[in-house]
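Asker: heads up, no residue letters with this:
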């Protein structure tokens, strides 16, 4: 009897110890769980188009040359303001000068031959009129005259070609602007077509954005556009100034230009990124309203070519869910598949999160 009581007591003690151990492990797991913030997707049914773009100068030119030679001087540096016609680059032109001297000598020789042929033609014309020269002799003299005249003209055109090449030894600014890039230094070898400097037109900036084909029909020239530049916390209103009617060389996207008012250009530089929002008219918006699922772009996880988001399982573990993304709306991205409207997902965490990690939320 005592033996049975001892066995029962031992069994109860074992069960109690096991329960206590599981409770301690559960409490320990909760204590080590990563604290996360969760949210549910937003729904977008706004009557506006949203896309992103980049600030650029309305006119940008790469300064290059048609001749090969050493750069002897670059008179400007990045950030310099230059005026139209100002000297920017000087290239060694000793070989061009030598060719010009050769063409000058050829012209002198051709002019002498032409003057001599012209006198012969005048003399034989008079002799032919006096019937002292035959028609055959006059034809030969005329042939010599026209040949000499052609050689003189060819020599002059060669000099024009050399002078044109000489112009490319001194490169000037095609318009007033700012030097934005400098690709070579003095002493480098300039090659035909290779950029040396980049100049951007000063004081005229615009936003260049790519719009998908399913949205381009909703835009018109002069449409009001709200522009936000997050890096400098600047927001202003502008309008659509240009719509490219073709997407043949832009991967199915249409390039749209939005001018930046002169009053808003202070502190804005080419290369900055901007978010554009264009309100749509009621007649257009009714046919274009969507009920998209939107999530913050910061919550997206990128793994090679895949995109995913972390959700929370029933036993409070992080689960990586692969999703397919759509259009971007400012700082939010549309989810096409992989996430339901009512599902919660992790937006941020206080520690490094991974698939299967134990997590907890503030409730």
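Answerer: Everything's here; your move. None of these values were measured; they are calculated from a predicted model. Residues are numbered from 1 along each chain as shown.
Asker: distance between the ends of stretch 198-206?
Answerer: Taking CA to CA, to the nearest Å, the first and last residues of stretch 198-206 lie 17 Å apart.
Asker: Doesn't residue 104 belong to a helix?
Answerer: Yes - the assignment for residue 104 (DSSP: H, G, I helix; E, B strand; the rest coil) places it in a helix.
Asker: leaving aside the residues next to it on the chain, what's closest to it?
Answerer: Using CB to CB, 6 or more residues apart in numbering and skipping residues adjacent in sequence, the residue nearest residue 104 is residue 159, 6.8 Å away. Just so you know, the C-beta spots here come from the backbone N, C-alpha and C atoms, and that holds for glycine as well.
Asker: That neighbour contacts residue 101, correct?
Answerer: No - between residue 159 and residue 101 there is no contact, the gap being 10.2 Å when judged by CB atoms under 8 Å.
Asker: So between the two, which is more surrounded?
Answerer: In terms of neighbours (other CB atoms under 10 Å), residue 159 is the more surrounded of residue 159 and residue 101; the figures are 16 against 11.
Asker: Which strands border the strand or helix carrying residue 225, and is each parallel or antiparallel?
Answerer: Per DSSP states H and E, residue 225 falls inside strand 224-229. Here strand 224-229 is paired, per DSSP bridges, with strand 234-243 (antiparallel), strand 273-279 (antiparallel).
Asker: closest to residue 42 out of the ones you listed?
Answerer: strand 273-279 (15.5 Å; CB to CB).
Asker: Which residues does that closest one contact?
Answerer: With CB atoms under 8 Å, 6 or more residues apart in numbering as the test, strand 273-279 has contacts from 47-55, 207, 209, 219, 223-231, 240, 258, 330-331.
Asker: at 7 Å what do you get?
Answerer: Contacts to strand 273-279, defined as CB atoms under 7 Å, 6 or more residues apart in numbering, come from residues 47-55, 207, 209, 219, 223-230, 258, 330.
Asker: ditto for stretch 51-66
Answerer: Contacts for stretch 51-66 (CB under 7 Å, 6+ apart): 88-89, 91, 165, 168, 171, 174-175, 190, 192-201, 204-209, 211, 268-276, 328.
Asker: Flag the helix or strand of this protein with the lowest per-element mean pLDDT.
Answerer: The helix or strand of the chain with the poorest confidence is helix 282-288; it has a mean of 43 (mean pLDDT, DSSP states H and E).
Asker: Can you list the strands that the very next helix or strand once past that one pairs with?
Answerer: Once the chain leaves helix 282-288, the next helix or strand it forms, by DSSP H and E, is strand 292-296. Its sheet considered, strand 292-296 pairs with strand 42-44 (antiparallel), strand 332-337 (antiparallel) by DSSP bridges.
Asker: I'd like the next helix or strand past strand 292-296.
Answerer: The C-terminal neighbour of strand 292-296 among helices and strands, as given by DSSP H and E, is strand 301-303.
Asker: Could you list every helix and strand in contact with that next one?
Answerer: The contact analysis (3 or more CB pairs under 7 Å, 6 or more residues apart in numbering; DSSP states H and E) places strand 301-303 against strand 306-312.
Asker: quick one: the strand it packs on to chain centroid distance?
Answerer: Relative to its chain's centre, strand 306-312 lies at 30 Å (CA atoms, centre = their mean, to the nearest Å).
Asker: Can you pull out the low-pLDDT segments for the stretch 151-300 of the chain?
Answerer: 281-291 (pLDDT under 70).
Asker: Could you rerun that using 80?
Answerer: Applying pLDDT under 80 to the stretch 151-300 of the chain picks out residues 202-203, 212-215, 247-252, 280-292.
Asker: any idea how the chain splits into domains?
Answerer: 32-46+291-361, 60-92+169-200, 94-167, 206-288 (automatic domain parsing).
Asker: before we move on, back to that, between the strands paired with strand 292-296, which has the poorest mean confidence score?
Answerer: For those, mean pLDDT drops lowest on strand 42-44, to a mean of 65.
Asker: just checking, next helix/strand downstream of that strand?
Answerer: Heading C-terminal from strand 42-44 (DSSP H and E), you reach strand 48-57.
Asker: how about the helices in the chain?
Answerer: Along the chain, the segments classed as helices by DSSP state H run 2-32, 94-129, 135-167, 213-216, 282-288.
Asker: Residue 308 is in contact with residue 301, correct?
Answerer: Yes - the criterion here is CB atoms under 7 Å, and residue 301 meets it with residue 308 at 4.7 Å.
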